[in-house]
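Participant: Fold the following, please.
(4 chains)
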Number of protein chains: 2
Amino acid sequence: MTQTYTIKEVAERFDLTISTIHYYDKQGLLPFVAKNEAGYRVFTQSDLNFIHTICCLKNTGMPIKDIRHYITLCMQGTSTIEKRKLLLLAHKEKIARQQQQLRENMQEVDFKIDRYSSVAVKEEVAGEIAFVTQEKKALGLPSPFRQ
Amino acid sequence: MTQTYTIKEVAERFDLTISTIHYYDKQGLLPFVAKNEAGYRVFTQSDLNFIHTICCLKNTGMPIKDIRHYITLCMQGTSTIEKRKLLLLAHKEKIARQQQQLRENMQEVDFKIDRYSSVAVKEEVAGEIAFVTQEKKALGLPSPFRQ
DNA sequence: ATAAACCCTAAACCTAGGTTTATAGCAACG
DNA sequence: CGTTGCTATAAACCTAGGTTTAGGGTTTAT
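Facilitator: Just a heads-up that it's a prediction; the model follows:
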């Protein structure tokens, strides 16, 4: 017999809550999930494949309405293949920009950590405080430190 | 004379809106920004340095309350250097996990794009649809395609 | 056959991170 | 000196992405 999964099993497998799956269904992300006579959702293996894709898009910051658009295209058969590809290519660009952004900011954080790891860090930070204070003073403004 | 900047200039430089700067100030992210006699914010060069750091932390997903904590530590002088360093090290780990997550999911997206770029894509997708439909049918469930 | 565990929907609620609106005080230009 | 533009605060409003609650069926284990 073909295996099926309950909503609880799916939630555990993808580290989602049952509520989140309900929410995704209501948002039109799970049109492929069927229900049994009792009205319970019945998840098949291919449903899990779709949900894996949904999580992948979600984890890379795609908004729910765009994921819905992608899934809707998938449900429309082979005629939408080119559209799906373009949608994913555009998303790939977005991911690449996120990666670039993270790389740049990671460098800044690393730079600060390095500074905080220097043997002369106390002197350096004290010097910075002195500079800021002097800059403010020259303008007749109060120092922001030790409030 | 030491240069200063208006809120508008700061907003433009960091690609924020004036409202966002007001909001950040209200959230305690800008305790270092002084005001002139008229109550206008006066931004110095070192204020811009702090704001640069704030944007860097924000762009890597640090929540506002954590940024506020970091800034508060900065305002308390050299005694908090170790705490600041630990805070940034923890954040660096979070960035690294985000990078790992993006890398993995990017691979999946690439894999899908490759599939959609195959010469036999139409046959492959049709086969997938057939498989899903058969799997559902075996369970007495309807096919989700072409709704 | 009944308690415990599980599933359903609908609707209210929540949080983060802003944005908008209303009202009013300065500033700079012609 | 008035008009236009910039700035301020407070408070209401907004959006995304869920979460919680309420009320009610279903399934499973004892």
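
Participant: Quick check, A:Gln76 in contact with B:Arg146.
Facilitator: Yes - counting by Cβ atoms under 8 Å, A:Gln76 touches B:Arg146, with 6.5 Å between them. Every residue, glycine included, has its C-beta placed from N, CA and C.

Participant: The longest helix that chain A contains close to DNA strand D?
Facilitator: Looking across chain A with DSSP state H, the single longest helix is helix A:81-117. No - Helix A:81-117 stays clear of DNA strand D (Cβ under 7 Å from any atom of the strand), getting no nearer than 12.5 Å.

Participant: Just the C-alphas of the next helix or strand after that helix, formatted as CSV.
Facilitator: Using DSSP states H and E, the helix or strand that follows helix A:81-117 towards the C-terminus is helix A:121-138. As requested, the backbone C-alpha atoms of helix A:121-138 are provided in CSV (Å, rounded to 0.1, in the frame of the first residue of the first chain):
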residue,chain,number,x,y,z
VAL,A,121,41.4,47.0,22.9
LYS,A,122,40.8,49.0,26.1
GLU,A,123,43.0,51.8,24.9
GLU,A,124,41.5,51.8,21.4
VAL,A,125,38.0,52.0,22.7
ALA,A,126,38.9,54.7,25.2
GLY,A,127,40.4,56.6,22.4
GLU,A,128,37.2,56.3,20.4
ILE,A,129,35.2,57.5,23.3
ALA,A,130,37.5,60.5,23.7
PHE,A,131,37.1,61.3,20.0
VAL,A,132,33.3,61.1,20.0
THR,A,133,33.2,63.2,23.2
GLN,A,134,35.5,65.8,21.7
GLU,A,135,33.5,65.9,18.5
LYS,A,136,30.3,66.5,20.4
LYS,A,137,31.9,69.0,22.7
ALA,A,138,33.2,71.1,19.7
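
Participant: so what secondary structure elements neighbour helix A:121-138?
Facilitator: Packing partners of helix A:121-138 (3 or more Cβ pairs under 8 Å, 6 or more residues apart in numbering or on different chains; DSSP states H and E): helix B:45-59, helix B:81-117.

Participant: anything in the shortest one near DNA strand C?
Facilitator: So the one you mean is helix B:45-59. Yes - against DNA strand C, helix B:45-59 shows contacts by Cβ under 7 Å from any atom of the strand at B:Lys58.

Participant: what angle separates that helix from helix A:81-117?
Facilitator: Relative orientation of helix B:45-59 and helix A:81-117, computed by axes from the mean of the first three to the mean of the last three Cα atoms, to 10 degrees: 130 degrees.

Participant: what's helix B:45-59 in contact with?
Facilitator: With Cβ atoms under 8 Å, 6 or more residues apart in numbering or on different chains as the test, helix B:45-59 has contacts from A:101, A:105, A:108-109, A:112, A:128, A:131-132, A:135, B:2-3, B:5, B:10, B:13-14, B:16, B:24, B:29-30, B:32-33, B:43, B:64, B:66-67, B:70-71, B:74, B:91.

Participant: and the helices and strands packed on helix A:121-138 as a markdown table, adding mean pLDDT?
Facilitator: Converted to a markdown table, the helices and strands packed on helix A:121-138 look like this (pLDDT from 0 to 100):
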| stretch | mean pLDDT |
| --- | --- |
| helix B:45-59 | 98 |
| helix B:81-117 | 97 |
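
Participant: Put together CSV for the ones you listed, with mean neighbour count on each row.
Facilitator: Below are those laid out as CSV (neighbours: other Cβ atoms under 10 Å in any protein chain shown):
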stretch, mean neighbour count
helix B:45-59, 18
helix B:81-117, 15
